[in-house]
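Participant: Give me a 3D structure for the following:
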Amino acid sequence: MKKFNLWLATYMIGPVLGVVICLLEAFRIIKFQHFNRYPIWEEKVIVISNHPSLLEPVILPLMGFPWMNFPWVFSPLWLRIKPSLNWAREFREEFFLTKKLIPVSVPDKRNYYDKAYMGLIRELNIPVKRDGTASDRMATVLALKEVLEQGGRIILFPEGGRTYKAKEKIKSPQGRALGKLKEGAALLAILTGAKIVPVWIEGSDKFLPNDKFPLPRFWHRITINIGKPFTLNKSNLSAISKSKDIRKAANQIITQALLETGDEVG
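Facilitator: Modelled structure (predicted):
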């Protein structure tokens, strides 16, 4: 049943939602900026984003459509043709779901992951307990680490919730607000050496307000800006921190990259 749900989510639900996103883009309700920065074919990627509304967990996993759903159709020719007697087996291993171009999301277990409507896409998510123990949080980190080490991708909203709920906020030079980031993304980047792709979403909280019963307001526009991908290494960490707390230094770099991505929005 799990494999069937995974197949359904990948080849049915994902493409339908992907077409919806494409239509919204065609009607200029959604605008992507610097999409050429998005690493379509690369492995081991952490996408980090601000979280102004409930819309981001729906849009961001679909940014790689249709490439991520049908890689054998859209992949570069050199990836599909290999001089090998085991070509069929290698082809399957290269492009089947175990090699996830489809990103894994991290929904809250109680509020989202355990809900019935998540049944069909549950295999594409790893739950997190926001009110859990340190052991619970570490279990989530280790599960995400395994995804990355297998060449997968993950999407994180390191504010730990929607921006308007943040008790402590940081502002960019142009006034973009961001809740103080949790250090999970920084820890994963340090442990795995994964490439980080910062994404800033502007206007989604106007399109889908943070009301109790939100309704889409199609006259508002959403801008999704892809920032410059980067990796964390000793040189850029030591450049801003002489202390031994590498995680805090990494978190500072990620925060700065996210705010700079926000300030690129016109």
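Participant: Can you report how many residues neighbour Lys212?
Facilitator: Other residues near Lys212 come to 5 when the count uses other Cβ atoms under 10 Å. Heads up, the C-betas are built off the backbone N, CA and C, glycines and all.
Participant: Contact partners for it?
Facilitator: If you count contacts by Cβ atoms under 8 Å, 6 or more residues apart in numbering, Lys212 has none.
Participant: residue ranges for the helices of the stretch 101-250 of the chain, please.
Facilitator: 134-149, 184-192, 204-207, 234-238, 246-263 (DSSP state H, counting those that start in this stretch).
Participant: mind putting those helices in TSV, mean neighbour count, mean pLDDT and distance to Ile21 included?
Facilitator: Below are the helices of the stretch 101-250 of the chain laid out as TSV (neighbours: other Cβ atoms under 10 Å; pLDDT from 0 to 100; distance: least, Cβ to Cβ, whole Å):
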stretch	mean neighbour count	mean pLDDT	distance to Ile21
helix 134-149	15	92	23
helix 184-192	21	93	24
helix 204-207	20	96	13
helix 234-238	12	63	33
helix 246-263	20	93	20
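Participant: Can you add distance to Gly161 and give the ones you listed back as CSV?
Facilitator: Listed next are those as CSV, based on distance: least, Cβ to Cβ, whole Å:
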stretch, distance to Gly161
helix 134-149, 14
helix 184-192, 13
helix 204-207, 13
helix 234-238, 27
helix 246-263, 15
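Participant: who wins for proximity to Cys22 among those helices?
Facilitator: helix 204-207 (16.5 Å; Cβ to Cβ).
Participant: buried set for stretch 154-171?
Facilitator: Ile154, Ile155, Leu156, Phe157, Pro158, Glu159, Gly160, Arg162, Thr163, Ala166, Ile170 (16 or more other Cβ atoms under 10 Å).
Participant: residues touching the fourth one, list them.
Facilitator: Shown in contact with Phe157 (Cβ under 8 Å, 6+ apart): Ile48, Ser49, Asn50, His51, Glu56, Pro57, Val106.
Participant: out of the buried residues of stretch 154-171, who's nearest Gly179?
Facilitator: When the buried residues of stretch 154-171 are compared against Gly179 (criterion: Cβ to Cβ), the nearest one is Ala166, at 2.7 Å.
Participant: Excluding chain neighbours, what is closest to the closest one?
Facilitator: Counting by Cβ to Cβ, 6 or more residues apart in numbering, Ala166 lies nearest to Gly179, which is 2.7 Å off, once chain neighbours are set aside.
Participant: what's the distance between that neighbour and Asn69?
Facilitator: 32 Å (Cβ to Cβ, to the nearest Å).
Participant: Any idea what the most centrally placed residue in the chain is bridged to?
Facilitator: What sits nearest the mean C-alpha location of the chain, by Cα atoms, centre = their mean, is Ile155, with 2.3 Å. For Ile155, the beta-bridge partners are Val47 (DSSP bridges).
Participant: thinking it is in contact with Leu124, fair?
Facilitator: No - using Cβ atoms under 8 Å as the test, Ile155 is too far from Leu124 to be in contact (10.2 Å).
Participant: Against Lys2, how distant is Lys167?
Facilitator: On the measure of Cβ to Cβ, Lys167 and Lys2 end up 38 Å apart.
Participant: Check Arg153 too.
Facilitator: For Arg153, the distance to Lys2 - Cβ to Cβ - is 20 Å.
Participant: neighbour-wise, which of these two wins?
Facilitator: Arg153 (24 against 8).
Participant: Please tell me how far that one sits from Leu259.
Facilitator: 23 Å.
Participant: What of Leu191?
Facilitator: Counting by Cβ to Cβ, the gap from Leu191 to Leu259 is 24 Å.
Participant: what residues are up against Lys109?
Facilitator: Taking Cβ under 8 Å, 6+ apart as the test, what Lys109 contacts is Pro127, Val128, Lys129, Gly132.
Participant: Pretty sure Leu208 sits against Glu56.
Facilitator: No - using Cβ under 8 Å, Leu208 is not in contact with Glu56, being 9.7 Å away.
Participant: Look at those two and report which has more neighbours.
Facilitator: Glu56 (23 against 20).
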